[in-house]
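In: Return atomic coordinates for the entry below.
(2 chains)
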Amino acid sequence: MTVTDQSSPQIDSHEAEVKVHLKIKRYNPEVDTRPHWQEYDIMLKPGDRVLDALHAVKWKFDGTLSFRRSCAHGVCGSDALVINGENKLACVNLIRNIGTDLTIEPIRGLPVIKDLIVDMEPFFAQYRSVLPYLIANDDPGYKERLQSQSDREKYDDTTKCILCACCTTSCPVYWANDEYVGPAAIVNAHRFIFDSRDQATTERLDILNQKSGVWRCRTSFNCTEACPRGISVTKAIEEVKRAILYDRV
Amino acid sequence: MKVHYHSYDAVIVGAGGAGLRAAIEVAGKVKTAVITKLYPTRSHTGAAQGGMCAALSNVEEDYWEWHAFDTVKGSDYLGDQPAIDIMCKEAIDAVIDLEHFGMAFSRTPEGRIDQRRFGGHTRNHGEAPVRRSCYAADRTGHMILQTLYQQCVARDVTFFNEFQVFDILFDESTGERKAAGIVAYELSTGDLHVFVSKGVLFATGGYGKMFRISSNAHTLTGDGPGLLFRKQIPIQDLEFYQFHPTGIYGFGILLSEAARGEGGILRNGSGERFMERVAPTVKDLAPRDMVSRAIHAEIRQGRGAGPDKDYVYLDLTHLPPEQIDAKLPDISDFARTYLGIEPKTQPIPIQPTAHYAMGGIPTNVDGEVLVDSNETILPGLYAAGECACVSVHGANRLGTNSLLDIVVFGRRGGKAMAEYVAKVPHPEVARGVETPVRERIQALKDANGTMKVGELRTNLQQTMTLNASVVRTQESLEEALTTIQTIKKQYNDIAIDDKGEVFNYDLVEALELGHLLDLAEAFVIGALARKESRGAHWRDDFPTRDDQNWMTHTLAYRQEDGSVRLDYKPVKGGKYQPMERKY
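Out: Okay, here's the model as predicted:
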């Protein structure tokens, strides 16, 4: 579908299909000893998503191709992949914008289980390690806690995280050292460290001050570029570093 | 195929809002397992945008009774009023609970939870739109899902992620059928897991993937209702299915009603604000069934936009850009990403999209599953959320009431299950109960037919969107039924490519299609029988509501021979008598 008129947009649903060349990294643990590349040529509309390309292969040519997906519009975080060398969600990138020559691999730094599916357990374990939940021991009684708009704004950006792992698996430090909690875990710690209602700042900062914590970050900004939700991940990590150094939240 | 046996007091199937809210209630009291075919944070609750209504009166006068009236009227009088009263009353506690759990609500200048307008929600029984929806920008569902999952992490809830439910177990040793657990298939290994359990709560979500244009995730395939339907448990009110007015044209991706709550306007191809004609008082904030029908009428009468005149516009261009950035950031991004449209300067092409199942597994207000028109309870079996039908949404759900439904009835269902399992003995389950599942999986893998699952699913989705959506007739429904029955025959002649054990989504998709086909068939049979128009069920050949004959809930049963039998039970009334639905 293309937009042809700017003032009252006209969308052509009969747009001609184009040939898309896919090169996908395949690995079947029941058969293969190592991953290999497989190539496919399929017809898609320019307005189709990369996810539609994967579905076209799976549904028309090869049902054994395995990948995760669910919502198909960038809110569930299932389909983080390396697409033409960069971490992206397959469902928010259109053929029109990304091109007709696609190289698709699993995200890096987590063990590959099959084809494009990696083991997410280490990632979620690191998420859980930063106490990612509100800790507040006061009793607010039968009413809401108050929070000013400016206090709410302080952690707004990091509430957007969908735990897709695009950031963590784009981080060169994480690739080299899987002890590092990684950007996503820090983002989710930030979300509570800067929430005025939370009372466990010290515990979380102590966790992130360990050798697996924020000091592993070398500010390469890969995480910020990879985030499909537009979160300023590196900035959030820097804010946590400053909170540790200057005891300031 | 290896088999693992587990023993629990309570098993929750599904980890969206309802499942997680139930888990918070159950975990810590009794031994609990939560099984999900995704990871909890991938659940479709996360796609909900606009808000969750509760009469907090933080920004203007409001009462839960007004909310209840709107919900009853919105349901076109098919909602059960005692259940609606409970939901609207407990809505206030539910919002406060979420805030205490850490939910990042948007705030008023005084620091209280902010509220905004939403379709069908009015002050004083329809006078004017009211600010009732508590929200977090336009990602309220995401925030609720994250918050509930965070609370489950805090409580160390046991999750079995990426486990596909295949079967339910019953204990019939006492002559009475009681829930006794489930059989699940571990996606990463292909192993089977038998969970023997005193209580089972289904919270598996909707079945919107039976339609082509749909706001639903690929994984919303009616697994809970589909599975229970095959065990002779009826499914209620299937023909009442909501089409959200503003799906992104061609994609069906949801653009929240909050866009109209913030002042957005619907325009036809010639720029006319057509909702002024349809609902003079509340205009663009009429309930979804009415707005979707109005869009359908504009398109059918040649007033649509575009080369095929098959869409209309959602116009936000008159709103202050900073309001769009602050209140509607995500949906603005969706318009940019999928259509290349800048909503601050260009109207967005939209069309109605399949969105929400009002029907589902029949339950009472404590989530207990009811197996007949006498409302007989099946001990130990519970359901909550979109897969269930309490019925609080009747023939048409009001916007925001789904997020409310999952937290209110997730909590109630979980609480009731925790109390039940504390007082009953462990069920009797024979060794080898997983055999039917093992045989079914083997049969799917061994099948060497000629049809592909993807192609059959596309055919189903095409006919449902064309013939059983916003507007229906005898003829269109018969066409849909014939097509579905043909596809069901073809389904017996499928083959899957993947014969492996590890992450065999080919196999899972075949199972899911089976559920969608069964439910779509019962849906269409129910819609054919209901010769009236009520809420989301609009029959062009019977365009009026018939309160004499149809103040009833439909119950569809699958019989031993696979055919569908319909039964009915009366709507539970209350203080609001049916009246004409004008806005």
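
In: Residue B:141: what's it in contact with?
Out: Residue B:141 makes contacts with B:17, B:45, B:46, B:47, B:48, B:49, B:403, as judged by Cβ atoms under 8 Å, 6 or more residues apart in numbering or on different chains. Quick note: C-beta positions are derived from backbone N, CA and C, even for glycine.

In: What about the residues you listed, which one has the most neighbours?
Out: Across the contacts of residue B:141, neighbour numbers were computed from other Cβ atoms under 10 Å in any protein chain shown; residue B:45 holds the maximum, 34 neighbours.

In: Report the separation between it and chain A.
Out: Look at residue B:45 and chain A: by Cβ to the nearest Cβ, to the nearest Å, they are 10 Å apart.

In: Surely that residue is within a strand?
Out: No - per DSSP: H, G, I helix; E, B strand; the rest coil, residue B:45 lies outside any strand segment and is helix.

In: My guess is it contacts residue B:410. True?
Out: No - with contact defined as Cβ atoms under 8 Å, residue B:45 does not count as touching residue B:410 (10.1 Å).

In: okay, and the common contacts of those two?
Out: Between them, residue B:45 and residue B:410 share these contacting residues under Cβ under 8 Å, 6+ apart: B:17, B:18.

In: Return the member of the contacts of residue B:141 nearest to residue A:126.
Out: For the contacts of residue B:141, the residue nearest residue A:126 by Cβ to Cβ is residue B:46; the value is 20.4 Å.

In: thought the closest one was touching residue A:74?
Out: No - with contacts counted by Cβ under 8 Å, residue B:46 stays clear of residue A:74, the gap being 10.6 Å.

In: what is in contact with these two at once?
Out: Jointly contacting residue B:46 and residue A:74 under the rule Cβ under 8 Å, 6+ apart are residue A:162.

In: for residue B:163, what are its contacts?
Out: Contacts of residue B:163 (Cβ under 8 Å, 6+ apart): B:35, B:36, B:37, B:184, B:185, B:186, B:187, B:193.

In: now these as JSON lines including distance to residue B:123 and pLDDT?
Out: Formatted as JSON lines, the contacts of residue B:163 follow (distance: Cβ to Cβ, whole Å; pLDDT from 0 to 100):
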{"residue": "B:35", "distance to residue B:123": "43", "pLDDT": "98"}
{"residue": "B:36", "distance to residue B:123": "40", "pLDDT": "98"}
{"residue": "B:37", "distance to residue B:123": "42", "pLDDT": "98"}
{"residue": "B:184", "distance to residue B:123": "47", "pLDDT": "98"}
{"residue": "B:185", "distance to residue B:123": "50", "pLDDT": "98"}
{"residue": "B:186", "distance to residue B:123": "51", "pLDDT": "98"}
{"residue": "B:187", "distance to residue B:123": "49", "pLDDT": "98"}
{"residue": "B:193", "distance to residue B:123": "51", "pLDDT": "98"}
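
In: residues contacting residue B:28?
Out: For residue B:28, counting by Cβ under 8 Å, 6+ apart, the contacting residues are residue B:155.

In: phi, psi of it?
Out: Backbone torsions for residue B:28, taken as degrees, to the nearest 10, come to phi 90, psi -30.

In: cool, and residue A:105?
Out: Here residue A:105 shows phi and psi, under degrees, to the nearest 10, equal to phi -130, psi 160.

In: which parts of the helix or strand residue A:242 falls within are buried?
Out: Assigned by DSSP states H and E, residue A:242 belongs to helix A:233-246. Across helix A:233-246, burial judged by 16 or more other Cβ atoms under 10 Å in any protein chain shown covers A:233, A:234, A:236, A:237, A:239, A:240, A:241, A:243, A:244.

In: same check, this time on stretch B:396-410
Out: Within stretch B:396-410, the residues that qualify as buried are B:396-410, counting by 16+ other Cβ under 10 Å.

In: With chain A in mind, check whether it reaches it.
Out: No - if you take Cβ under 8 Å from any Cβ of the partner chain as the test, stretch B:396-410 misses chain A, and the best it gets is 14.5 Å.

In: Next: stretch B:211-226.
Out: Yes - for stretch B:211-226, a contact with chain A is found by Cβ under 8 Å from any Cβ, at B:217, B:218, B:219.

In: Touching, residue B:542 and residue B:531? I think so.
Out: Yes - Residue B:542 sits in contact with residue B:531 when judged by Cβ under 8 Å, with a separation of 4.7 Å.

In: ok, those two, which is more surrounded?
Out: residue B:542 (18 against 13).

In: What's opposite that one in the beta bridge?
Out: Legend: beta-bridge partners of residue B:542 under DSSP bridges are residue B:539.

In: which residues touch it?
Out: By Cβ under 8 Å, 6+ apart, the residues touching residue B:542 are B:531, B:532, B:533.

In: quick one: low-confidence ranges for chain A?
Out: Residue ranges of chain A with pLDDT under 70: A:1-6, A:248-249.

In: Helices of that one, residue ranges please.
Out: Along chain A, counting by DSSP state H, helices occupy A:50-56, A:95-98, A:121-128, A:149-154, A:172-176, A:182-193, A:201-208, A:222-226, A:233-246.

In: So for residue A:79, which of these sits nearest?
Out: When those are compared by Cβ to Cβ, helix A:50-56 sits nearest residue A:79, at 5.9 Å.

In: Could I get the contacting residues of residue B:485?
Out: Contacts of residue B:485 by Cβ under 8 Å, 6+ apart are residue B:521.

In: Can you give me the neighbour number for the residue in the stretch 1-150 of chain B positioned nearest to chain A?
Out: Proximity of the stretch 1-150 of chain B to chain A (Cβ to the nearest Cβ) peaks at residue B:102, 2.9 Å away. Using other Cβ under 10 Å, the number of residues around residue B:102 comes to 23.

In: In three-state terms, label it for me.
Out: Secondary structure, three-state DSSP: residue B:102 is coil.

In: ok, how many other residues are close to the residue lying closest to it once chain neighbours are set aside?
Out: With sequence-adjacent residues excluded and distances taken as Cβ to Cβ, 6 or more residues apart in numbering or on different chains, residue B:102 is closest to residue A:134, at 2.9 Å. Residues lying near residue A:134 (other Cβ under 10 Å) number 23.

In: With residue B:354 as the reference, measure out to whatever residue of the stretch 251-400 of chain B ends up closest to chain A.
Out: Chain A sits closest to residue B:253 of the stretch 251-400 of chain B, with a gap of 4.6 Å, by Cβ to the nearest Cβ. Separation of residue B:253 from residue B:354 (Cβ to Cβ, to the nearest Å): 12 Å.

In: Fine by me, we can end here.
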